[in-house]
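*Asks:* Kindly generate the corresponding structure for this input.
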Amino acid sequence: MPTGVAKPGEVTEPLEKIEVKRTAAQARQVTVTATLHDIDKNTNNIVLKGPGGNLVGVKVKDPTKLENVKVGDQLVITYTEALAVGIEKAK
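*Replies:* Here you go, the predicted model:
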């Protein structure tokens, strides 16, 4: 990388390159009561209908949890929402 002083037009690249990187992350746990809308026991996937009427597909990690539930059951679900933001200086 060049250093020193140059006349206008002599330098084709920056004398100094500064990179600024900042990241921020935030997470929160949410607990809602949802209606079990659909179950696929072959793939351990369920579809939940949230309090606002939205449908969300979820992969169930422990298939034994599906043994005692049926479509129409009310489930209390706790999940984590995460948001990460990265900021970089334009090049």
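
*Asks:* Tell me which stretches of the protein form strands.
*Replies:* Under the criterion DSSP state E, the chain carries strands at the ranges 21-40, 45-49, 55-59, 74-88.

*Asks:* Tell me who's in contact with Ala25.
*Replies:* Ala25 makes contact with 82-85, according to Cβ atoms under 8 Å, 6 or more residues apart in numbering. C-beta coordinates here come from the backbone N, C-alpha and C atoms, glycine included.

*Asks:* Against Thr80, how distant is it?
*Replies:* According to Cβ to Cβ, to the nearest Å, Ala25 stands 12 Å off from Thr80.

*Asks:* now Val60
*Replies:* Here the distance between Val60 and Thr80 works out to 16 Å (Cβ to Cβ).

*Asks:* Of those two, which one has the most company?
*Replies:* Ranked by neighbour count (other Cβ atoms under 10 Å), Val60 and Thr80 place Val60 first, with 16 against 8.

*Asks:* Dump the strands of the chain into JSON lines; add mean pLDDT and distance to Asn68 as well.
*Replies:* What follows is the strands of the chain, written out as JSON lines (pLDDT from 0 to 100; distance: least, Cβ to Cβ, whole Å):
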{"stretch": "strand 21-40", "mean pLDDT": "85", "distance to Asn68": "11"}
{"stretch": "strand 45-49", "mean pLDDT": "93", "distance to Asn68": "13"}
{"stretch": "strand 55-59", "mean pLDDT": "92", "distance to Asn68": "17"}
{"stretch": "strand 74-88", "mean pLDDT": "84", "distance to Asn68": "11"}
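
*Asks:* out of the ones you listed, deepest packed?
*Replies:* Here the criterion is mean neighbour count by mean count of other Cβ atoms under 10 Å, and of these the winner is strand 45-49, at a mean of 17.
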